[in-house]
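Student: sequence plus predicted model, see below.
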Amino acid sequence: MTDWQEQNENEQRDILSIYGSVSFGKRYCPKCKRHAFVIDGILQCCERRVSEIDRNDVIVKVESPGGMKRRHLTMKKKIVILKSQRWKCIYCECELTEDSARFDHFVPFHFLQTNPVSNFVAACEICNTLKADMMFENINDASKYLKKKRNDKGIQ
Ligand SMILES: [Zn+2]
Ligand SMILES: [Zn+2]
């Protein structure tokens, strides 16, 4: 194997990105020609289903969050998301209205570098505030964390 081939192969290996206390697997997408997050088995760049990342065979990178870009959704997209969540908070499942719903990137935009609508979630104000910019590998982990936080703070 030449140096060039070896380097090329290394560049396309799976990555485990560490952000503070959370880690995310990233896989090289040959179609998009870049590494993208794999969340719940879905490649976030083009939303293809892939096998889970083997965390024992990855390049570990410590990343630093910074300068997050917020994007705003149109009302039309907000309604699509609300309907898909049956007008319920993605985390605690309380009822939401157009006015009470807060929309956020499940994984902050800065980390994804792309903006799939599937990354947007609608949440109630309390869940949205408690979650802030924390990252979770899936919605279920986030819900569990938020439930515990609510209990700790005595919020129903
Ligand atoms: Zn892709
Ligand atoms: Zn909620």
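Tutor: Cool, the structure landed. Ligands and ions are numbered 1, 2, ... in the order given.

Student: got the CA coordinates for the longest strand anywhere in the chain in PDB?
Tutor: Secondary structure of the chain read by DSSP state E shows that its longest strand is strand 22-29. Coordinates of each C-alpha in strand 22-29 appear next as PDB, following Å, rounded to 0.1, in the frame of the first residue of the first chain:
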ATOM      1  CA  VAL A  22     -21.000  13.400  24.900                       C
ATOM      2  CA  SER A  23     -19.700  11.500  21.800                       C
ATOM      3  CA  PHE A  24     -21.100  11.000  18.400                       C
ATOM      4  CA  GLY A  25     -20.200   8.600  15.700                       C
ATOM      5  CA  LYS A  26     -19.400  10.000  12.300                       C
ATOM      6  CA  ARG A  27     -19.200   8.000   9.100                       C
ATOM      7  CA  TYR A  28     -17.700   8.900   5.700                       C
ATOM      8  CA  CYS A  29     -20.500   9.200   3.200                       C
END
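
Student: how about it against ligand 1, any contact?
Tutor: Yes: using Cβ under 5 Å from the ion, strand 22-29 comes into contact with ligand 1 via residue 29. In short, each C-beta sits where N, CA and C put it, glycine included.

Student: hmm, who's touching that strand?
Tutor: Strand 22-29 is contacted from outside by 11-17, 34-39, 43, 45-46, 48, 50, 52-53, 55, 58, 107, 111, 134-137, using Cβ atoms under 8 Å, 6 or more residues apart in numbering.

Student: shaky segments in this structure?
Tutor: Across the chain, the ranges flagged by pLDDT under 70 are 1-9, 19-22, 64-72, 108-118.

Student: break it down into its domains, please.
Tutor: 3-62, 75-153 (automatic domain parsing).

Student: hmm, the last one in reach of ligand 1?
Tutor: No: using Cβ under 5 Å from the ion, domain 75-153 never reaches ligand 1; the gap is at least 8.7 Å.

Student: show me what from this structure comes close to ligand 2.
Tutor: 89, 91-92, 124, 127.

Student: so which of those residues is the closest to ligand 1?
Tutor: Relative to ligand 1, the closest of these is residue 91; by Cβ to the ion it sits at 27.4 Å.
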